[in-house]
Structures are given as C-alpha cells and as structure tokens.
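Asker: got a sequence here, can you model it:
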Amino acid sequence: MGRVIVIARILPEDAETPPESIVEKVKSSLPADTYEILKSKTEPVAFGIHAIYVWIAMPETLEGGTYDLESRLSAVEGVSQVDIISVSRLIE
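Answerer: Residues are numbered from 1 along each chain as shown. Model prediction:
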C-alpha cells in the first residue's frame with residue numbers, strides 16, 4: 001500500500017492563539033495509525049495571524065481521499081479554516 005503527502009494550510013481563529021499550540025492539538029487529534037505529521041511551518045498572513053502549513057503522510061487507499069483529514073483538522077479547537085494545498089504520492 002502506498003502513501004501520499006498532503007500539505008494542509010490551517011488558519012487560526014485569532015492572532016492570540018500561538019501556532020505551536022495548534023500544531024500540538026492537530027498532532028493529538030489525528031490517529032497515529034493512519035496519519036503521520038512529517039513537518040510544519042508558519043508563515044505570516046496579516047494583522048498578526050500566521051498560516052500554519054502541515055505536511056501529513058496518509059494511506060493513498062483511504063476512502064474519501066482527504067475528506068476525513070479535512071474534517072479532523074477543522075474540528076481542532078482554535079482552527080478557523082483548513083485548505084488542502086497539495087496532494088502527491090510519496091516515493092519510499
């Protein structure tokens with residue numbers, strides 16, 4: 001079974017929420033047997049808000065594609081918006 005890399009952009013609800021705390025909440029909310037967070041980075045957007053980019057490995061055969069991942073990320077406390085930026089096959 002192959003895996004894919006998903007790059008997700010997460011926007012916090014407000015500028016007071018530290019991006020690191022959202023990344024930690026994301027890590028704890030995703031099942032480790034399905035999703036693996038490979039790296040994350042932040043980028044300033046505007047008015048003190050930082051976009052959080054997260055690289056996540058997941059099985060390519062997961063039914064529904066990235067729908068489950070988007071739902072889980074959107075449900076994390078402090079997250080305002082989730083956008084899937086890229087999906088590509090992981091060569092291992």
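Asker: quick check, distance from the longest helix that the chain contains to the centre of its chain.
Answerer: With secondary structure taken from DSSP state H, the chain has its longest helix at helix 19-29. How far helix 19-29 lies from its chain's middle: 9 Å, per Cα atoms, centre = their mean, to the nearest Å.
Asker: now it: average pLDDT?
Answerer: Confidence for helix 19-29, expressed as mean pLDDT, is 93.
Asker: CA atoms of it as CSV?
Answerer: Written as CSV, here are the backbone C-alpha positions of helix 19-29 (Å, rounded to 0.1, in the frame of the first residue of the first chain):
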residue,chain,number,x,y,z
PRO,A,19,0.6,28.5,16.1
GLU,A,20,2.7,25.9,18.1
SER,A,21,-0.4,25.1,20.2
ILE,A,22,-2.5,24.4,17.2
VAL,A,23,0.2,22.1,15.8
GLU,A,24,0.2,20.2,19.1
LYS,A,25,-3.6,19.9,19.1
VAL,A,26,-3.5,18.7,15.5
LYS,A,27,-0.9,16.0,16.4
SER,A,28,-3.0,14.8,19.3
SER,A,29,-6.3,14.8,17.3
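Asker: looking at it, residue 5 is touching residue 38, isn't it?
Answerer: Yes: applying Cβ atoms under 8 Å, one finds residue 5 in contact with residue 38, separated by 7.2 Å. C-beta: built from backbone N, CA, C; applies to glycine.
Asker: have a look at the two and say which one is more surrounded.
Answerer: When neighbours are counted by other Cβ atoms under 10 Å, residue 5 and residue 38 differ, and residue 5 comes out ahead with 16 against 12.
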